[in-house]
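Peer 1: Below is the structure, and that's it, no one-letter string:
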C-alpha cells in the first residue's frame, strides 16, 4: 500500500503541475477535483471526504492524547478518581487554545517539531519493547489468528483500512501549494523523506511491539508496556518521556489536519478585506474553531474506539481520496494511451481499491457497531 500511495501522490503532483501550467493553480483538493472532472457534485464529494478524514483524525488525536494523560495519571495515582473523559476534556481545552494558529504556514515549526518527536518516541518505544521482551516479566506470546474464517476476513479488511490511514494524506494539494513552482520535483523529495520516516517509525514500533505482546498488543503500545495490573514492563523513566513525546505529537497532528475544516468554515465567516487579527475575523474564528474542537472532543469521550475510528477513516476517507481519485485525475488530464502501462496500472488500482474501500467500510463499521454494543458511552477504557 505504501508503494501505491507513493505512486498516487506522484501522479497528484503531476496533475497539479499540469493545471498550473494551463493557468489554473489549485491550492485545495476539492477545487482540483471539480476542475478536472468538470462536475459540481465532485466539489462537495471531496469536501465530504476531506471533512470525514480531518474530523476522524482530530477525534482520534484527542482520544489518544487523553489516553496518554490517563496512563501517566494512573501510574502516579493508581487509585485516582479521574476517568478517561476527564483527560479528554483537558486535551480539548488545550486544542482549543492551539487551534487559533491562523494558517498552514504558521504551523511550519510545529511540523518540524513533530518529525523530531516521532523519531524520539519510536526510539524509546523500540528500546522499551526490547527491554520488556528480554525481562523475566515478559508476557506470554500468542501470534495465532482468529479461529473463525469470516472473522479473519473482516479483520483483514479492517486492518487494510487502518494501514490506509497510516499512508493516507488528505491534504496533499494544500501542502504542495506552499511550495514555489515547479513543485513536482520538490514533492518527490518530500515524499521520499516522508516514507523513510514512516518506514522507520511505524514499522519498527509495530514489529517490536508485536514481537513482545503478540496478538494481545494494544493499539497504544504504551498501554501494553504500562499495564493496569502487574508491574510495568519497562522502566518508568524510559516510558515517561515517550508519553510526553507522543502527547506533543498528537497535538501537532490535530492542529495540522484541522486546518482544512477551519478553512471550509471560514470561507463564509471571514472577511478577506479585513486583517487576520481584526475583531471582525478574530471573534468568528475563535467561536467556530472552538466549537469544532469541542464537538471532536465530545465524540472522542463518548465513543473511545481508537482502532475503529482509524479503520472507518481509512475506508471511507483515505482509500477513495488517495487510492482512487489521483489515478482518475491523472488519466483525465494526461490521457495516457489505452495501450500504455500507466493506463492499465491506474485503472487496475482504481478497480481494486474501490472494492477494498467498500469491503473495508463494511467491516470497519461492523466492528464499530459491535464494540459500541459491548461498551457504555463515555467509557474509561479505549477500545482497540
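Peer 2: Alright, I've got the coordinates. Bear in mind the structure is a predicted one, so any value in this text is a computation, not a measurement. Residues are numbered from 1 along each chain as shown.

Peer 1: Can you give me the neighbour number for residue 37?
Peer 2: 17 (other C-beta atoms under 10 Å). Glycine gets a C-beta too; all of them are placed from N, C-alpha and C.

Peer 1: Please name the residues that touch the residue most central in space within the chain.
Peer 2: Residue closest to the mean C-alpha point of the chain, counted by C-alpha atoms, centre = their mean, is residue 57 at 4.8 Å. Contacts for residue 57 (C-beta atoms under 8 Å, 6 or more residues apart in numbering) come out as 253-254, 257, 313.

Peer 1: How is it classified with respect to secondary structure?
Peer 2: helix (DSSP: H, G, I helix; E, B strand; the rest coil).

Peer 1: Phi and psi next, for the residue lying farthest from the centre of the chain.
Peer 2: Residue farthest from the centre of the chain, counting by C-alpha atoms, centre = their mean, is residue 339 at 36.8 Å. When quoted as degrees, to the nearest 10, the phi and psi of residue 339 stand at phi -90, psi -10.

Peer 1: cool, and residue 80?
Peer 2: phi -70, psi 150.

Peer 1: For it, give its distance to residue 70.
Peer 2: According to C-beta to C-beta, to the nearest Å, residue 80 and residue 70 sit 9 Å apart.

Peer 1: Please say which of those two ends up with more neighbours.
Peer 2: Between residue 80 and residue 70, residue 70 has the larger neighbour count (other C-beta under 10 Å), namely 22 against 12.

Peer 1: I'd like the distance between the more buried one and residue 233.
Peer 2: The value you get for residue 70 to residue 233, if C-beta to C-beta is used, is 18 Å.

Peer 1: try residue 31
Peer 2: For residue 31, the distance to residue 233 - C-beta to C-beta - is 50 Å.

Peer 1: Between those two, point out the one with more neighbours.
Peer 2: Between residue 31 and residue 233, counted using other C-beta under 10 Å, the more crowded position is residue 233 (21 against 16).

Peer 1: How about residues contacting stretch 211-223?
Peer 2: 64, 67-68, 71, 125, 129, 132-133, 138-145, 205, 209-210, 224, 233, 239, 242-243, 246, 306-307, 310, 382, 384.

Peer 1: Name the residues of that stretch that come out as buried.
Peer 2: 212-213, 217-223 (16 or more other C-beta atoms under 10 Å).

Peer 1: got it, and stretch 93-103?
Peer 2: Under the neighbour-count criterion of 16+ other C-beta under 10 Å, stretch 93-103 has 95-96, 98-99, 101-102 buried.

Peer 1: Now do the same for that stretch: mean pLDDT, whole number.
Peer 2: Taken as a whole, stretch 93-103 has a mean pLDDT of 81.

Peer 1: now stretch 226-246
Peer 2: Averaging pLDDT along stretch 226-246 gives 82.

Peer 1: same thing with stretch 316-324?
Peer 2: For stretch 316-324, the mean per-residue pLDDT is 83.

Peer 1: For the stretch 201-350 of the chain, just list every one of the helices.
Peer 2: Per DSSP state H, counting those that start in this stretch, the stretch 201-350 of the chain carries helices over the ranges 204-213, 221-225, 236-269, 279-302, 306-313, 325-334, 341-374.

Peer 1: Identify, out of the ones you listed, the most deeply packed stretch.
Peer 2: Of the helices of the stretch 201-350 of the chain, the one with the most neighbours on average (mean count of other C-beta atoms under 10 Å) is helix 306-313, at a mean of 25.

Peer 1: Run a quick neighbour tally on residue 273.
Peer 2: For residue 273, using other C-beta under 10 Å, the count is 8.

Peer 1: Sorry, wrong one. I was asking about residue 73.
Peer 2: Residue 73 has 16 neighbouring residues, counting by other C-beta under 10 Å.

Peer 1: What strand or helix carries it?
Peer 2: Residue 73 is part of helix 40-76, with elements assigned from DSSP states H and E.

Peer 1: chain center to that helix, what's the gap?
Peer 2: Here the centre of helix 40-76 is set off from its chain's centre by 7 Å, with C-alpha atoms, centre = their mean, to the nearest Å.

Peer 1: who touches residue 319 in this structure?
Peer 2: 161, 164, 168, 353, 356-357, 360.

Peer 1: on that earlier part again, could you check how far the residue nearest to the centre of the chain is from residue 192?
Peer 2: For residue 57, the distance to residue 192 - C-beta to C-beta - is 23 Å.
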